[in-house]
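In: quick one: sequence plus predicted model below, questions after.
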Amino acid sequence: MDNNTKKKKILIVEDEKNIAQMLAFNMTAAGYDYDIAYDGELGLDKALNIDFDLILLDIMLPKMDGFEVCRRIRAKKSTPIIIVTAREEEIDKILGLDLGADDYVTKPFSIKVLLARVKSNIRRAAGELVLDQSGMSSEQPGQSQTIKIRDLVIDCARYQVTIRGEAILLTKKEYELLLHLAKNPGKVFSREELLEEVWGYEGFYGDLNTVDVTVSRLRSKLEADSSKPEYLFTKRTMGYYIK
């Protein structure tokens, strides 16, 4: 691991001390620095007042649950957040990502997979649009392009999307997925390709269901009727594309 990566700092918000210590050990072994919070309120305080490169956030926390912690962090900062949870219900995964989480892993998880996710999210955050505290981006060289597909307008400089004249609020991952598809209209991307090209995951490190969930959320925001899409299409057994 290079010297820049070794300087990256991870916040672990986990109430089970054995899991927190296990995560801390593996983060250290991978070359990261870390801090630990054993409840939601302390985790939120640390996240808002200390600069971290990534946050590993449990859901079932004392004092404040992980979803509320995630929502409050995202209202102030764009630090990458990976939700770590033992709760398998799909609604929890969707809710967590809608609140601004960048990814999730479910317990029990492979440390190798988790470390790959950590590395990928930190790397992508370093190359993303520069966000201010409102979640909007400052204009960057090469980001002034506006993409228009009928009534869909993507303002790359402002990190803004409008559909039929109405602004819609997207998470960072929804925006990245939409932008990737919109830059390649008509091209069908498999879920594996999207995991690699949008999420930055390779091989078994990614969860294909993550793509499906994000596409579903994005479609519900873009389409007047999700059952009759006008923009975001599925090519059966092959993948997704924008028409």
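Out: Now that the structure is in, tell me what you want to look at.

In: which parts of the longest helix seen in the chain are buried?
Out: Criterion DSSP state H: the longest helix present in the chain is helix 111-127. Applying a neighbour-count criterion of 16 or more other CB atoms under 10 Å, one finds Val113, Leu114, Leu115, Ala116, Arg117, Val118, Lys119, Ser120, Asn121, Ile122, Arg124, Ala125 buried in helix 111-127. Every residue, glycine included, has its C-beta placed from N, CA and C.

In: which is the next helix or strand following that helix?
Out: Downstream of helix 111-127, the next assigned helix or strand under DSSP states H and E is strand 146-149.

In: can you list the buried residues in that next one?
Out: Buried residues in strand 146-149, counted by 16+ other CB under 10 Å: Ile147.

In: strand partners (parallel or antiparallel) of that strand?
Out: strand 152-155 (antiparallel) (DSSP bridges).

In: just give the nearest non-adjacent residue to the residue nearest in space to the middle of the chain, would you?
Out: Nearest residue to the geometric centre of the chain (CA atoms, centre = their mean): Asp102, 1.7 Å. Excluding the flanking residues, the one nearest Asp102 by CB to CB, 6 or more residues apart in numbering is Pro80, at 4.8 Å.

In: list the contacts of the one you found.
Out: Asp53, Leu54, Ile55, Asp102, Asp103, Asn121, Ile122, Arg124, Ala125 (CB atoms under 8 Å, 6 or more residues apart in numbering).

In: quick check: the spatially closest residue to the second one that is not a sequence neighbour vs Val118, distance?
Out: In space, not counting the residues next to it along the chain, Leu54 is nearest to Pro80; the distance is 4.7 Å by CB to CB, 6+ apart. Taken as CB to CB, to the nearest Å, the spacing of Pro80 relative to Val118 amounts to 9 Å.

In: joint contacts of these two?
Out: Leu54.

In: where along the protein do the helices fall?
Out: For the chain, helices defined by DSSP H occupy the ranges 3-6, 17-29, 40-49, 66-76, 90-98, 111-127, 172-182, 191-194, 208-222.

In: mind saving the C-alpha coords of the second one as CSV?
Out: Pointing back at helix 17-29 there. What follows is helix 17-29, C-alpha atoms only, in CSV (Å, rounded to 0.1, in the frame of the first residue of the first chain):
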residue,chain,number,x,y,z
LYS,A,17,-16.4,-4.2,21.0
ASN,A,18,-15.1,-7.5,19.6
ILE,A,19,-16.3,-6.6,16.1
ALA,A,20,-14.9,-3.1,16.5
GLN,A,21,-11.5,-4.3,17.6
MET,A,22,-11.5,-6.9,14.8
LEU,A,23,-12.2,-4.1,12.3
ALA,A,24,-9.6,-1.9,13.8
PHE,A,25,-7.0,-4.7,13.7
ASN,A,26,-7.7,-5.3,10.0
MET,A,27,-7.7,-1.6,9.1
THR,A,28,-4.3,-1.2,10.8
ALA,A,29,-3.0,-4.3,9.0
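
In: just to revisit the earlier point, list phi and psi for the residue nearest to Asp102.
Out: phi -60, psi 140 (degrees, to the nearest 10).

In: which residue of the chain sits farthest from its center?
Out: Arg150 (27.4 Å).

In: I'd say the residue nearest to the centre of the chain and Glu176 touch.
Out: No. In this structure, Asp102 is not within contact of Glu176 by CB atoms under 8 Å, at 9.9 Å.

In: put together a markdown table for the helices of the chain, with mean pLDDT and distance to Tyr241 on each row.
Out: Listed next are the helices of the chain as a markdown table, based on pLDDT from 0 to 100; distance: least, CB to CB, whole Å:
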| stretch | mean pLDDT | distance to Tyr241 |
| --- | --- | --- |
| helix 3-6 | 48 | 35 |
| helix 17-29 | 93 | 38 |
| helix 40-49 | 96 | 37 |
| helix 66-76 | 90 | 29 |
| helix 90-98 | 64 | 22 |
| helix 111-127 | 82 | 22 |
| helix 172-182 | 89 | 6 |
| helix 191-194 | 88 | 11 |
| helix 208-222 | 86 | 11 |
